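1. whatever this is, show me its structure:
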Amino acid sequence: MQDKSGKLKGVPLYEDLCGSLAKQLDPERKRLRFYVAYSGGVDSHVLLHCCASIPQLKGKLTAVYVHHGLQAEAEFWAEHCEKTAKELGVEFLSRRVNAKAAPGESPEEAARDARYAALKALIQVDDVLLLAQHREDQLETMLLQLFRGSGLRGLSGMPESAAFGLGVMLRPLLNTSKQAINDYAEAHCLSWVEDPSNQSHDYDRNFLRNAVVPLLKQRWPALDKTVARSAKHCADAQVLVEQVADEFFAAAFNPVDKTLSIRRLTEHQLHPQQLIIRHWFRRMGLKMPAQAFIGKILNQVVAAAEQRDPVLSGRGYSIRRYRDKLYCLTDPAGTILPQGCVWPVGQMSIDLSDGRTLSWLPSSKGIANEYWMNAKVEVRFRRGGEKIRLPGRQGRHSLKNLFQESAIPTWERDTMPLVYLNDTLAAVGDLWIDAAFYSEKSHSCIDFELQSYELKPKDNDDKRRVD
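-> Predicted structure coming up:
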């Protein structure tokens with residue numbers, strides 16, 4: 001990396017990179033591996049070239065090429081990246097992914113999600129992923145977020161560092177100009193690949209990069225610097241908003257069932273309510289709801305009478321209320337088990353078709369293990385009129401009344417698994433065991449655990465990321 005005079009070419013960029021890494025990394029922690037997301041393009045090539053020259057990274061650096069399979073040239077690009085990494089004395093990995101877009105998903109989003117999932121799988125505790133986004137990438141991100149009507153979080157752009165998997169993601173070139181990167185590549189006679197799709201205006205980012213930003217820079221040459229400064233201001237403001245949101249949210253959120261208290265929520269004015277709901281979605285790892293959807297949550301669900309059961313469906317989830325609680329529930333993909341499903345002898349758990357699992361566990365009280373093992377066990381669901389006698393209470397009680405007493409939401413009642421022993425109702429999910437089967441005298445009993453289905457969060461390590 002030295003010219004004939006013995007001076008390092010591209011010294012400013014190299015020094016900036018070293019300074020950026022030194023600032024963002026904790027010197028007291030021993031990083032295991034540094035992974036460079038290497039596409040073969042000029043930006044990631046320059047980043048890899050610089051990193052390969054940093055003494056502290058020697059022997060710890062790996063270039064990773066993610067093969068999306070979307071371009072005919074992808075095989076050639078993978079070979080080029082492997083050859084370049086070998087020349088630089090850097091380890092190389094290639095990961096093939098399925099980047100086909102799902103219905104309603106953009107090709108850009110599908111490729112990004114697939115790429116990040118592949119990279120995340122590599123990152124272990126204290127590992128670092130290095131990305132080559134630069135200042136003009138930040139400009140494009142800001143414009144895209146602005147045109148999409150994003151709030152402070154979106155207008156904060158891409159962060160220089162963020163948690164990623166078990167490690168951390170860094171963008172050490174984020175304050176570097178595209179021109180400086182190109183100058184470095186030219187000074188070192190680097191060879192890189194060009195993705196022909198980058199010239200297509202079918203993608204929003206390409207349209208901005210090729211048609212809009214050059215025109216804007218004719219009028220405002222320092223646009224990338226000033227917009228990056230605005231992104232920093234928005235990020236600083238977002239930190240303060242998050243601090244306020246944390247306080248509001250903590251007072252309204254129940255971490256046990258992941259619900260919001262409607263009473264606590266409605267103690268606030270409109271804007272704090274919106275803030276709490278956005279914080280709620282972020283806590284559950286869901287994509288941020290549109291402003292209009294938040295309005296529907298507040299007007300159609302939160303404001304509904306307590307005895308009503310409104311349902312507001314989103315992307316794979318439903319918003320519902322029961323009494324004072326606001327729920328965000330996954331939409332079950334399947335149907336409940338048919339009646340008369342036998343629980344196999346010796347099997348500790350049974351999978352319900354909506355993604356839940358009912359298990360029996362050893363316990364000092366519950367159903368005697370001997371009785372359980374010698375009975376015909378079936379899992380059924382409510383037909384109406386079922387009754388059970390509870391230990392320590394007189395008489396038999398209808399499940400309807402018990403559900404109401406225990407504040408079990410209406411939508412959970414018909415899907416609550418009922419355990420029958422020899423055709424007699426013995427247990428209701430993991431809630432109650434009939435007194436006729438209940439024992440505290442035996443040290444060899446079983447009790448039940450119902451594991452509910454969980455929302456499947458979208459990859460959410462970097463909410464501000466657009467590309």
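2. thought Thr144 was touching Arg205?
-> Residue 144: Leu, not Thr. Yes. Leu144 is in contact with Arg205 according to CB atoms under 8 Å; the separation is 6.6 Å. Bear in mind the C-beta positions are built from the backbone N, C-alpha and C, glycine included.
3. which positions within stretch 242-261 qualify as buried?
-> Under the neighbour-count criterion of 16 or more other CB atoms under 10 Å, stretch 242-261 has 242, 245, 248-249, 252-253, 258-260 buried.
4. same thing with stretch 307-315?
-> Within stretch 307-315, the residues that qualify as buried are 310, 312, 314, counting by 16+ other CB under 10 Å.
5. inside strands: which ones of those?
-> Leu312 (DSSP state E).
6. so, low pLDDT: which residues of the protein?
-> Filtered on pLDDT under 70, the chain yields the residue ranges 1-11, 22, 24-31, 69-72, 104, 331-340, 353-354, 442, 453-467.
7. cutoff 80 now
-> 1-31, 68-74, 99-108, 195-200, 306-307, 315, 330-340, 353-355, 441-443, 452-467 (pLDDT under 80).
8. so what are the domain limits for it?
-> Following automatic domain parsing, one gets these domains for the chain: 11-230, 255-330, 341-451.
9. now for the ones you listed, which one comes closest to Ala237?
-> Evaluated with CB to CB, the domains of the chain place domain 11-230 nearest to Ala237, the distance being 5.6 Å.
10. pull the distance from that closest one to the chain's centre.
-> 20 Å (CA atoms, centre = their mean, to the nearest Å).
11. just to revisit the earlier point, columns distance to Lys58 on top of the buried residues of stretch 242-261, output as TSV?
-> Rendered in TSV, the data for these read as follows (distance: CB to CB, whole Å):
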residue	distance to Lys58
Glu242	38
Ala245	43
Phe248	48
Phe249	45
Ala252	51
Phe253	47
Lys258	46
Thr259	52
Leu260	51
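12. what's the most distant pair in the residues you listed?
-> Among these, the pair separated by the greatest distance (CB to CB) is Glu242 and Thr259, which sit 21.3 Å apart.
13. still on that earlier bit, closest one of the buried residues of stretch 242-261 to Lys100?
-> When the buried residues of stretch 242-261 are compared for distance to Lys100, the smallest value, 31.7 Å, is given by Lys258; criterion: CB to CB.
14. measure the residue nearest to that closest one when sequence neighbours are not counted to Ile262 for me?
-> Take Lys258 and drop its neighbours on the chain: the residue closest to it by CB to CB, 6 or more residues apart in numbering is Met284, 6.4 Å away. Met284 sits 17 Å away from Ile262, going by CB to CB, to the nearest Å.
15. more crowded one of those two?
-> Ile262 (20 against 14; other CB atoms under 10 Å).
16. the residue lying closest to the more buried one once chain neighbours are set aside and Glu267: what is the separation?
-> Take Ile262 and drop its neighbours on the chain: the residue closest to it by CB to CB, 6+ apart is Asp324, 5.1 Å away. Using CB to CB, one obtains 12 Å as the distance from Asp324 to Glu267.
17. Asp202 belongs to a helix, doesn't it?
-> No. Counting by DSSP: H, G, I helix; E, B strand; the rest coil, Asp202 is not found in a helix; it is coil.
18. any idea how far the helix or strand where Ala292 lies is from the chain center?
-> Per DSSP states H and E: Ala292 is located in helix 291-296. Taking CA atoms, centre = their mean, one finds the center of helix 291-296 at 21 Å from the center of the full chain.
19. one more: stretch 262-278?
-> Centroid separation for stretch 262-278 versus its chain: 23 Å, with CA atoms, centre = their mean.
20. also stretch 352-366?
-> Using CA atoms, centre = their mean, the offset of stretch 352-366 from its chain centre is 28 Å.
21. out of the buried residues of stretch 242-261, which are inside strands?
-> Per DSSP E, the buried residues of stretch 242-261 map to strands at 253, 259-260.
22. just send the residues you listed back as TSV, with distance to Ala114 too.
-> As requested, those are exported to TSV (distance: CB to CB, whole Å):
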residue	distance to Ala114
Phe253	32
Thr259	33
Leu260	33
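23. so which of the residues you listed is the closest to Trp411?
-> Of all those, the one sitting nearest Trp411 is Thr259; the distance, using CB to CB, is 13.1 Å.
24. my guess is the closest one contacts Arg323. True?
-> No. Counting by CB under 8 Å, Thr259 sits too far from Arg323 to count as a contact (10.2 Å).
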